[in-house]
Each structure stands twice: as structure tokens, then as C-alpha cells.
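Engineer: missing the sequence, but the structure's below:
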């Protein structure tokens, strides 16, 4: 499906661009500690515009994948509920990123205002929605012997989803009883895990060559006529007759 392929390619390009912008945004800041301060704290620094742009780019790249998930519907509509739920969750991730990119948090050391709370909870929704979407998509992928690569993709999606949820739990611990110990480091690990999950998801929507039959399996329906004709030709040659 060309539309799905274009969406996946556009999303992968957006992910790469967002990563580059995030690196640029961090490189321009010297007086902040990445181990304790969040990416959002960097975004409100003097050179944080690149990070805001990275959030918006990643949110837009994620949004183009929402409709592309329809490609994962199985014949007969099997699993359509999972695909629909994954689309809603992926839309929540994209929307949370876009909102967080548009509404900045408060500068470090200042009191949180309404915009900062909106930014925080939009980020929380995004961080939780994507791994749940990844888990649902992994359950939707076929895992038969003829789709070994797809089975590996499903395992990667599950592993990254679990890692993301564990890191989100670690962030919650650090924010409250942990006295924000390594809060920035944990958040960056979470972002890396979720961007990796999103990348695997986008790659999943790229078209793959159709696998041939396994040994012992019949070929495609159209192959039977060719096989019969070949067999008949072999018989005629062995008997010296003309077909």
C-alpha cells in the first residue's frame, strides 16, 4: 500500500530529524545538569528552541502513523479492536508530545504555573500511551514460522514496551520518595526506549517481500497448473511422445 509506505518513510525521517534537533538543543546548554534536570528543563533555557522543535517534529511523525496502523488488520477483521485501541493510544502519544512542545514548563527553581502542569500531564499521558500501543501492536503481528522476522519485531516491541513502563515507574519513584535522584537520566533513558519503540513500529509498517512456501508446504494456488504441465512434459520426454 503506497500510502502506508509513504507514512512510514515520512515518520522515520521525522524521528531522525527530531533526534538531531534534540542533540543540538542539548549541545547549546552548558550550565544545566542532565542527570537531574529533564529535557523540558533544557527546553526553557536560552537555546532550548531546538528541543521544542524536536518535540513537535516527533509528535508530527507519530501522528502520520496513526492511520497507517490499519495495515495491521488481519483478514476477516481479526484483532480490529486491538488495532483501534492502538490507534487511540498512538494518537494520545502524538497529541501529548505536540501539546508539550507548544506549552513549555516552568524554568528550574521557579513555582509551577498552569502551563507547567499542563505540560507535565501531557508528557505523562504520552509516556504511558506509547508502550501500551506497542504492546497491542505486538499482539496483532503474526508469529508463524513463515513470518520469523515479524515474530522478532513483536518481541522487540514487547521488550521496549516493558522497558518503557519500568523506566516510567522509576521516574515516579524518583519524583516522590526518591527525592528526584537521577531524574533527568531516567527520563532520557525512557525517551530513548520510547523513540526506539516508535522506530520499530514505523519500520513494521514498511512493506516486506511476501515469503515463499516452506519445505513441504504447497505453493500458491496458481502454481499447481505449472507443476502439472511440467510433470506432463517430463512424462512425454521419457516415453518419446509429443504432447
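Structural biologist: Yep, it's here. Just so it is clear, the model here is predicted, and its values are computed rather than measured. Residues are numbered from 1 along each chain as shown.

Engineer: quick check: pLDDT value at residue 82.
Structural biologist: On the pLDDT scale, residue 82 is placed at 91.

Engineer: begin at 39 from now on, thanks
Structural biologist: Sure thing, new numbering starts at 39, so read that last one as residue 120.

Engineer: tell me who's in contact with it.
Structural biologist: When contacts are counted by C-beta atoms under 8 Å, 6 or more residues apart in numbering, residue 120 touches 174-175, 177-178. No exception for glycine: its C-beta is placed from N, CA and C like everyone else's.

Engineer: neighbour-wise, which one of those leads?
Structural biologist: Neighbour counts for these, by other C-beta atoms under 10 Å, peak at residue 175, which reaches 29 neighbours.

Engineer: helix or strand for the residue most central in space within the chain, which one?
Structural biologist: When C-alpha atoms, centre = their mean is applied to the chain, the residue found nearest the centroid is residue 236 (1.8 Å). Element membership for residue 236, per DSSP states H and E: helix 221-242.

Engineer: and if you look at residue 166?
Structural biologist: helix 152-178.

Engineer: on that earlier part again, so the residue nearest to the centre of the chain versus residue 216, what's the distance?
Structural biologist: Separation of residue 236 from residue 216 (C-beta to C-beta, to the nearest Å): 27 Å.

Engineer: output the below-cut-off pLDDT ranges for the protein.
Structural biologist: For the chain, the stretches with pLDDT under 70 are 39-40, 112-116, 181-184, 246-281.

Engineer: contact partners for the residue nearest to the centre of the chain?
Structural biologist: 49, 53, 96, 99-100, 103, 168.

Engineer: just the buried members of these?
Structural biologist: Buried subset of those (neighbour count, 16 or more other C-beta atoms under 10 Å): 49, 53, 96, 99-100, 103, 168.
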